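**Student:** Need the 3D shape of this:
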Amino acid sequence: MASKEYKQMIQRGKWLEKFLNPKLKSWGYKELALEFIDIYQVYFEFSKNDKSIEFLVEIEKKSEYYKCDGIISYNFDVRIQKALSIKQQINHVFQAIISTSKPWGYQFSEEKEMSSQEECNNKYELPELYNRLVKLMSVGEDGLEFKRAFSFGTTLSLVAVTGKSLYDFFPWDVAAARMFFDFLLLGGQEYFLFCKYCGNFSVIERKGRKKFCSDICKTRYRTSNLT
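**Tutor:** The predicted model follows:
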């Protein structure tokens, strides 16, 4: 029987697999936000009118969005640009992890030399984002209680007082960083690949020599090599 840690690792990996898919639609983002809140019991009221979803709907109307793996150059709210650029950051680190036999933590060690500004940003920004999901302490019927909440700097105390999120924009970069590190901390280093045909990040449930994310990609790869 699979252990609790293994199930949690696969669950978080599957979330990342969907999040990192460049073809993910706005309704898919909404499902991922609600799934994240449920998994971590986050003290965040996800609005039906969440601004990040509204921006994503607008972005979908522009065909260029799908030509650059979800990274946009339009003058949208900087938060949605950060939400989408985190995909590129996480993909980059996963690629670096899979290219070496070293433990994944090496990518964030002082030992590793940074070959680019992007690597340097990943090394320090991703852990900082992970730390933004904190516990809120409040007074309950049985004494002090802890609730999960996104930390928004100085406004965190206001969230505790009002009992509601003051934000109408889901923090995708924080959520993705949390899923990324928890997946690896639970043993995910040997349970992912980048499909040999489509190139997408994919989680595998058993260690082995699997090279494709699906049978469809496997068939297409073989077919393309016959022509």
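
**Student:** Just give me the neighbour total for A33.
**Tutor:** Neighbours of A33 under the rule other C-beta atoms under 10 Å: 20. Every residue, glycine included, has its C-beta placed from N, CA and C.

**Student:** Quick check: it touching P171?
**Tutor:** No: the criterion here is C-beta atoms under 8 Å, and A33 misses it with P171 at 9.6 Å.

**Student:** so where's the chain uncertain?
**Tutor:** By pLDDT under 70, the low-scoring segments of the chain are 1, 62-77, 79, 134-167, 226-227.

**Student:** all helices of this protein, in order?
**Tutor:** For the chain, applying DSSP state H gives helices covering 4-19, 26-40, 51-60, 78-98, 117-130, 156-162, 172-185, 215-226.

**Student:** Would you mind finding the most buried of those helices?
**Tutor:** Neighbour counts (mean count of other C-beta atoms under 10 Å) averaged over each of the helices of the chain peak at helix 172-185, with a mean of 23.

**Student:** So which elements touch that one?
**Tutor:** Applying 3 or more C-beta pairs under 8 Å, 6 or more residues apart in numbering; DSSP states H and E, we find helix 172-185 packed against helix 4-19, helix 26-40, helix 78-98, helix 117-130.

**Student:** ok, now how distant is the residue lying closest to R12 once chain neighbours are set aside from A176?
**Tutor:** Spatial nearest neighbour of R12, chain neighbours left out: F183 (4.3 Å); criterion: C-beta to C-beta, 6 or more residues apart in numbering. Computed with C-beta to C-beta, to the nearest Å, the distance linking F183 and A176 is 10 Å.

**Student:** try V42
**Tutor:** V42 sits 14 Å away from A176, going by C-beta to C-beta.

**Student:** just Y197 next, same as before
**Tutor:** Computed as C-beta to C-beta, the Y197 to A176 distance reads 25 Å.

**Student:** Can you check which of the helices and strands packed on helix 172-185 gets nearest to K51?
**Tutor:** When these are compared by C-beta to C-beta, helix 78-98 sits nearest K51, at 7.9 Å.

**Student:** Enumerate every residue touching the residue positioned nearest the centre of the chain.
**Tutor:** When C-alpha atoms, centre = their mean is applied to the chain, the residue found nearest the centroid is A176 (2.4 Å). Residues near A176 by C-beta atoms under 8 Å, 6 or more residues apart in numbering: L16, F19, I86, K87, I90, L129.
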